[in-house]
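S.K.: build the 3D model from these lines:
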Amino acid sequence: MKKVMLFLSVVVPVATQAQTTEASAQLWYNDPMIQFYILTGFLFVVALTVLMVAAVMLKVINVMAELEAKRLAAERGEVYQPAPSFWSRFWQSANDFVPVEKEKDILLDHNYDGIRELDNHLPPWWKWLFYGTIAFSVVYLVVYHISFSLPSSEKEYQAEVVQAEEQIKLFRASNPVDETTVTQLTDAAALAEGKELYTSNCASCHLADGGGDIGPNLTDKYWIHGGSIQNVFTVVKNGVQGTNMVAWGQVLSPQNIQSVSSYILSLQGTTPAKPKAPQGNLYPPADSTVIDTLNIQASLIR
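M.R.: Predicted coordinates for the structure are as follows:
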């Protein structure tokens, strides 16, 4: 029976997660913005591939042309002078700077403490970027604010919120038990299931009777993270970072976690063989009247 329960505790959440993932994938696939981004990315990859192939072919053609030019120059008995490369021509046109040895030709008359100013214009590459931003702004204005071909950032956010709400509904439909809906179970079958899960997974740290070992004592009224069914469910599901308490939500189904959390709360008031000292705060916390009475009694005893 124990093996069957452990098998179900692993298979059920995995199957549920698979259903939820499949439903989420359908929503993701039907999103027009995601389809647009995929298509744009695909076209970008295709264009990049074509450019790379064209660059390689151009390099091959240039090498063949250079070899032929060298051969013709040798036949004529001339010294081969290679033509400027494409990159050198592009670099010159993009920068269009005046060589250092000719800067005296563009010196202005302005002189301040020996500091002279050159009559240099902006580099062409800077102008290209500026003109590109103007063209992009026009396209952006037309697409987003005139033709409304693509949604604005606000509409994208609203669509993502709707999509997230649908995913939450699907998840809750397949996993009806969560931190907000969990209730403490008291029937014998659920507590028996919880006890079996507790013995298999929790007793190594909290002992079989809940007295506490590596983990805290589960039989007293003191809790580190709260002692409600919601608190216990959350701790069992998500674990506690920096401690030995792992996140059992990755192994157990929400129903299993509800059962084991209910069993843990049923240990309240029992007497373990070697109870560990209380840790955390009293739950539920005593009201101010009770605290004042205890303080008065303590002062009288002293």
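
S.K.: quick one, longest strand in this protein?
M.R.: Ranked by number of residues, the top strand in the chain under DSSP state E is strand 107-112.

S.K.: the helix or strand following that one pairs with which strands, parallel or anti?
M.R.: Tracing the chain C-terminally past strand 107-112 and defining elements by DSSP states H and E, one meets strand 115-118 next. Partners of strand 115-118 in the sheet, by DSSP bridges, are strand 107-112 (antiparallel).

S.K.: flag the shaky bits of the stretch 201-302 of the chain, pLDDT-wise.
M.R.: Counting by pLDDT under 70, the stretch 201-302 of the chain shows low-confidence ranges at 286-302.

S.K.: then the stretch 1-150 of the chain?
M.R.: Residue ranges of the stretch 1-150 of the chain with pLDDT under 70: 1-29.

S.K.: how close does V182 sit to C202?
M.R.: Distance, V182 to C202, by C-beta to C-beta, to the nearest Å: 17 Å. The way it works is simple: take the backbone N, C-alpha and C, and place the C-beta from them, glycine included.

S.K.: meant to ask about L265
M.R.: On the measure of C-beta to C-beta, L265 and C202 end up 13 Å apart.

S.K.: which one of those two has more residues nearby?
M.R.: Applying other C-beta atoms under 10 Å to L265 and C202 shows that C202 carries more neighbours, namely 22 against 19.

S.K.: grab the nearest non-local neighbour of the more buried one.
M.R.: Of all residues not flanking C202 in the chain, V260 sits nearest, at 7.0 Å (C-beta to C-beta, 6 or more residues apart in numbering).

S.K.: do the same with Y263
M.R.: Closest residue to Y263 apart from its sequence neighbours, by C-beta to C-beta, 6+ apart: G194 at 3.0 Å.

S.K.: quick one: secondary structure of the one you found?
M.R.: Here G194 is helix, with the state taken from DSSP: H, G, I helix; E, B strand; the rest coil.

S.K.: okay, now it: neighbour count?
M.R.: For G194, the count of nearby residues is 23 (other C-beta under 10 Å).

S.K.: cool, L72 as well?
M.R.: Per other C-beta under 10 Å, the neighbour tally for L72 reads 11.

S.K.: going by residue numbers, what spans are strands in the stretch 151-300 of the chain?
M.R.: Taking DSSP state E, counting those that start in this stretch as the test, the strands found in the stretch 151-300 of the chain are 222-223, 281-282.

S.K.: now, of those, which is deepest in the fold?
M.R.: strand 222-223 (a mean of 18; mean count of other C-beta atoms under 10 Å).

S.K.: my guess is Q268 contacts W223, does it?
M.R.: No - using C-beta atoms under 8 Å as the test, Q268 is too far from W223 to be in contact (10.2 Å).

S.K.: now do the helices in this structure.
M.R.: Secondary structure of the chain (DSSP state H): helices at 2-30, 32-76, 86-95, 124-141, 153-174, 188-201, 203-206, 229-238, 254-266, 288-301.

S.K.: looking at those helices, which is buried most?
M.R.: Comparing those by mean neighbour count (mean count of other C-beta under 10 Å), helix 254-266 comes out on top with a mean of 24.

S.K.: what's it packed up against?
M.R.: helix 2-30, helix 188-201, helix 229-238 (3 or more C-beta pairs under 8 Å, 6 or more residues apart in numbering; DSSP states H and E).

S.K.: give me that answer again for 7 Å
M.R.: Contact here means 3 or more C-beta pairs under 7 Å, 6 or more residues apart in numbering; DSSP states H and E; on that basis helix 254-266 packs against helix 188-201, helix 229-238.

S.K.: need those helices in TSV (columns: distance to D105).
M.R.: Output for these, formatted as TSV (distance: least, C-beta to C-beta, whole Å):
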stretch	distance to D105
helix 188-201	85
helix 229-238	74
